[in-house]
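Novice: everything below, folded, please.
(one chain, ligands or ions: 1)
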Amino acid sequence: MKTPPTLALLFVAFSTSVVLAQVIRGDSKAGQSVYEQQCLRCHGANLDGSGPDSQDLIVQPADLRSQISRSKTDWELLVAISNGVLFSPMHSFRGKLTDEQMLDVLSYIRSISPPNITS
Ligand code: HEC
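Specialist: From the prediction side, this is the model:
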């Protein structure tokens, strides 16, 4: 499968940021408002997956504060945001959010729930 150019660019940005000690290039303040508008209804105000719409879903929203989510890399989380998660209500936000907004919202998530990557 051919990698879409925006994703390739994001990959370059992220590989660089991983090298630079996991510095996320996003504005967490801007990311908070993206989160409140687009994500809160499922992932909840505390990022724990208990948003107002979560009861209606067959697959529960991820608890973004969990050990599982925190041990994922920025890249893995970004792919989930950008591409969505297959067979789940987590749809793709590509086209709905700009690349910058996706970085912002990731930065917001990481500011509340910092990465815990041991390897
Ligand atoms: C319609 C409900 C819904 C909305 C809206 C939603 N999500 Fe999700 N999200 C989910 C579900 C459900 C999963 C879990 C899928 C699974 O368990 O595999 C998920 C998974 C994720 C993951 C993967 C977590 C992991 O540990 O792999 C991330 C990151 C994420 N969402 C971020 C976001 C962001 C950022 C937004 C807003 C831009 C958002 N989501 C909006 C339902 C939603």
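
Novice: test my guess that A80 contacts S88.
Specialist: No: assessed by CB atoms under 8 Å, A80 is found out of contact with S88, at 9.4 Å. Glycine gets a C-beta too; all of them are placed from N, C-alpha and C.

Novice: neighbour count: these two, which is higher?
Specialist: Neighbour count, other CB atoms under 10 Å: between A80 and S88, A80 has more, with 18 against 14.

Novice: tell me which parts of this structure are close to the ligand?
Specialist: 38-39, 41-43, 57, 59, 61-62, 68-69, 72, 77, 80-81, 85, 88-90, 93, 105 (CB under 6 Å from any ligand atom).

Novice: ok, S28 - contacts?
Specialist: Neighbour list for S28: D104, S107, Y108, R110, S111 [criterion: CB atoms under 8 Å, 6 or more residues apart in numbering].

Novice: quick check on the residues of the chain next to the ligand: which are buried?
Specialist: Buried members of the residues of the chain next to the ligand, counted by 16 or more other CB atoms under 10 Å: 38-39, 42-43, 61-62, 69, 72, 77, 80-81, 90, 93, 105.

Novice: pLDDT and secondary structure added to these, as a markdown table?
Specialist: Below are these laid out as a markdown table (pLDDT from 0 to 100; DSSP: H, G, I helix; E, B strand; the rest coil):
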| residue | pLDDT | secondary structure |
| --- | --- | --- |
| Q38 | 98 | helix |
| C39 | 98 | coil |
| C42 | 98 | helix |
| H43 | 98 | helix |
| P61 | 98 | coil |
| A62 | 98 | coil |
| S69 | 97 | helix |
| K72 | 96 | coil |
| L77 | 97 | helix |
| A80 | 98 | helix |
| I81 | 98 | helix |
| M90 | 97 | coil |
| F93 | 98 | coil |
| V105 | 98 | helix |
